Every structure is written in C-alpha cells, then in structure tokens.
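K.L.:
One predicted model, sequence on top.
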Amino acid sequence: MRIVIAGGTGQIGRILARHLFEQGHSVTVLARRPQPAPWRTVQWNGTELGGWTVEVDGAEAVINLAGRSVNCRYTERNRREILDSRVYATQAVGLAIEQAEAPPAVWLNASTATIYRHSLDRPMDEATGEIGGGEAGADPSWAFSVAVATAWEGALFEAQTPRTRKVALRAAMVMSPDRGGIFDMLLRLTRLGLGGRAGSGRQYVSWIHEADFVRAIDLLLARADLDGAVNVAAPEPLSNADFMRYLRDAAGIRFGLPAARWMLEIGAALMRTETELVLKSRRVVPQRLLDAGFAFEFPEWAAAAKDLVRRRV
C-alpha cells in the first residue's frame, strides 16, 4: 500500500512508520521539519494545502497523527497551540482528500482516550462511554482536554470525503521502550525510587503496548467495515497503584515513594507539565477491536511491563 503519515516524526509516528515500512508498504511522512529516515519525508506546515497534497492523491491510506505535545503547562498560548495544531492539521488533510482525483480508501486520524469522562465507577467503551463530564474527584480544568478531543474529532467527521472511510483513533498511552516516551520517563522515575502511587492511586490507567498498537492499525487499515470512533487501548485498564506496583516488580525495584496530590502539583510545575496526565481516571476498553476479533499480544500490564523493561535494558 501507499501510505501517507502526517505528523510522523513524533515517537508514535516513528514507531508506526517503521512498522509499516518493514511490512513492505510505501511510506511517506509529512513533517514540519523533515528528518533523515528509510522512508520518504515531505515537508508541510500542518495548516495549509501545498505541494504535499500530491502525496495524498493516489495513496491507499492516510494516517494523521499531527498535534503539539500535551506534556506542557496549559498556559493560554500552549492551549491555543494544542487545539490549533490538531484541528488545523485535520482540516488540511480533509481538504487534500476532498480535492484528490483518487482519494485514499481510508483515513485514520489521531484522537485520544481522554475524550471520556473521569471514570472510577465503570469502563468506557465506544457505545456507552460518556464524553466529557466527570464524577467526584474530577478537576474542572480537565474540561480543556475533552474540548480539544471533541473539536479534533469534529474536524475529522465534518470533512467532506464521501469516498474515504474515516476512523478516529481514541488511543491510550502507547508504551514503548524507545527513549523519550512515556514509558521511558516512568521507568526512570521508578528506578529513582519515585514509582509509587500518584494521589489516591485509585484512578485508572489506560495503556497499550506498541506491538498491539501497530497491529491494531494494521487491522483498521484492512477492515473496510470499521469506521467511526475506535478505542485503541489494552482491554485491562488498572488502578494507578497497581500499574506502578507491576512496573516496580518488572524493574526489580522494591520501593516506590507515593506522591500526594499537593506533591504532584509542585512536581508538575517544576517539570512544566500538568497533573491531569496522572490524576484523571481513564478506564477505557477497546470493545470494537475485541468484537472485530483482535487478539492482544499484551492484554495485561504485568506481562507488558516485563517485556518493555527487558527491551529497554
């Protein structure tokens, strides 16, 4: 297949581009700052149509992962960039597909499992999951992330692309042993003795091993009967306390200092990030993938953590 990946220079983009390239597909990555890679890279600015649109015309699939990192303080400027980078890139991809003489058969667009409400009481699947809102313990500031996710998906589904199947990838945290990712950060904190529960530790963590993430993308590219929102997450979310305990076990670390909420607020300010990333309860299950017959290699975190630690070493 000819596959175009917009925003393919981030960690997830590199994981996916490498996988698809090794599978024998013709991969073109659209990037603001093209980097040397085994696959083709083409420059775009993520907002406007340009010479890059010829890559979309005639491609079998387009995967849009573009968006500014949310690992930052939610200042007014950063909030605007987080929202605009997602919505404008999605609108640009939609226009390129709309104007293509031979539009792609499928368009996978990044979204986020954070679109669902803070949930301690029950799992959130695609059919019954509640968008936004929250229960006791939800911080009002978390509404921003839900608003971004809703606008992001709105830009996807409002695009006039009747010949192209569209899928919103409501992805959980993708765990990879690569340097610079979320797992790398969590493992370093754990080895420093800081891998205890965050806050109460009752909040759920949704995640997916990189091997299952790329296999889920393979399935979504191939299955013409799957469109709309799809949760891309492991089927066994677990509490933050258990998540960190299994990570400590995998790393051979006996102790992890727990962090009260006030401690997390101070740490987040020092690290220039937000506590929402660890305190919001994301209890997301991939019902549509399971119904489609997808078999996870790593359905449970304990085994996934051991594999990732082994490969990280």
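P.N.:
On my side now, so go ahead. Numbering: from 1, shown residues only.
K.L.:
what does stretch 214-231 contact?
P.N.:
1, 3, 15-16, 19-20, 23, 61, 63, 105-106, 108, 111, 113, 124-126, 129, 153, 165-170, 172, 208, 232, 284-289, 292, 294, 297 (CB atoms under 8 Å, 6 or more residues apart in numbering). Yep, even glycine has a C-beta here, placed from its N, CA and C like the rest.
K.L.:
tell me the mean pLDDT for it?
P.N.:
Regarding stretch 214-231, the rounded mean pLDDT is 98.
K.L.:
Check the separation of the first and last residues in that stretch.
P.N.:
End-to-end span of stretch 214-231 (CA to CA, to the nearest Å): 13 Å.
K.L.:
From here on, call the first residue 46.
P.N.:
Okay, residue one is now 46; in that scheme the one you just asked about reads as stretch 259-276.
K.L.:
nearest residue to E146 other than its sequence neighbours?
P.N.:
Once flanking residues are discounted, E146 sits nearest to D102: 5.9 Å by CB to CB, 6 or more residues apart in numbering.
K.L.:
Quick one: the strands in the chain, in order.
P.N.:
Ranges of strands in the chain, per DSSP state E, are 47-51, 71-76, 85-88, 106-109, 151-155, 210-216, 218-220, 249-250, 252-254, 273-277, 283-284.
K.L.:
The fourth one - which strands sit beside it in the sheet, and in what orientation?
P.N.:
In its sheet, strand 106-109 lies beside strand 47-51 (parallel), strand 151-155 (parallel), with partners assigned from DSSP bridges.
K.L.:
Distance to R78, mean neighbour count and mean pLDDT added to the ones you listed, as CSV?
P.N.:
Compiled in CSV, these are given as follows (distance: least, CB to CB, whole Å; neighbours: other CB atoms under 10 Å; pLDDT from 0 to 100):
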stretch, distance to R78, mean neighbour count, mean pLDDT
strand 47-51, 14, 25, 97
strand 151-155, 19, 25, 98
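K.L.:
so can I have a markdown table of those showing distance to A286?
P.N.:
What follows is the strands paired with strand 106-109, written out as a markdown table (distance: least, CB to CB, whole Å):
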| stretch | distance to A286 |
| --- | --- |
| strand 47-51 | 36 |
| strand 151-155 | 29 |
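K.L.:
how about stretch 120-132 as PDB, C-alpha atoms only?
P.N.:
C-alpha atoms of stretch 120-132 as PDB (Å, rounded to 0.1, in the frame of the first residue of the first chain):
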ATOM      1  CA  THR A 120      -0.800  28.300  29.500                       C
ATOM      2  CA  GLU A 121      -3.100  30.300  27.200                       C
ATOM      3  CA  ARG A 122      -0.500  30.100  24.400                       C
ATOM      4  CA  ASN A 123       0.000  26.400  24.800                       C
ATOM      5  CA  ARG A 124      -3.700  25.700  25.000                       C
ATOM      6  CA  ARG A 125      -4.100  27.500  21.700                       C
ATOM      7  CA  GLU A 126      -1.300  25.600  20.100                       C
ATOM      8  CA  ILE A 127      -2.500  22.300  21.300                       C
ATOM      9  CA  LEU A 128      -6.000  22.900  19.900                       C
ATOM     10  CA  ASP A 129      -5.000  24.600  16.700                       C
ATOM     11  CA  SER A 130      -2.300  22.100  15.800                       C
ATOM     12  CA  ARG A 131      -4.800  19.300  15.900                       C
ATOM     13  CA  VAL A 132      -7.800  20.900  14.300                       C
END
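K.L.:
can you list contacts of it?
P.N.:
Taking CB under 8 Å, 6+ apart as the rule, stretch 120-132 contacts 91-92, 111-113, 115, 117, 119, 155, 189, 192-193, 196-197, 199-200.
K.L.:
do stretch 133-148 as well
P.N.:
Under CB under 8 Å, 6+ apart, the answer for stretch 133-148 is 51-52, 89, 91-94, 97-98, 101-103, 107, 109, 111-112, 149, 152, 154, 197, 200-201, 203-206, 208-209.
K.L.:
ok, now stretch 328-345?
P.N.:
Contact with stretch 328-345 is made by 158, 161, 164-165, 167-172, 174, 215, 217, 249, 251, 254, 256-257, 260-261, 264, 268, 271, 275-282, 349, 352, as judged by CB under 8 Å, 6+ apart.
K.L.:
Which stretches in the stretch 196-345 of the chain count as helices?
P.N.:
Ranges of helices within the stretch 196-345 of the chain are 227-236, 255-267, 285-296, 306-315, 321-324, 332-336, based on DSSP state H, counting those that start in this stretch.
K.L.:
What is the helix or strand of the chain with the lowest mean pLDDT packed up against?
P.N.:
In the chain, no helix or strand scores lower on mean pLDDT, DSSP states H and E than helix 306-315, which sits at a mean of 83. Where contact means 3 or more CB pairs under 8 Å, 6 or more residues apart in numbering; DSSP states H and E, helix 306-315 is packed against helix 321-324.
K.L.:
which other residues reach the helix it packs on?
P.N.:
115-116, 184, 186-187, 190, 243-244, 248, 285, 306, 309.
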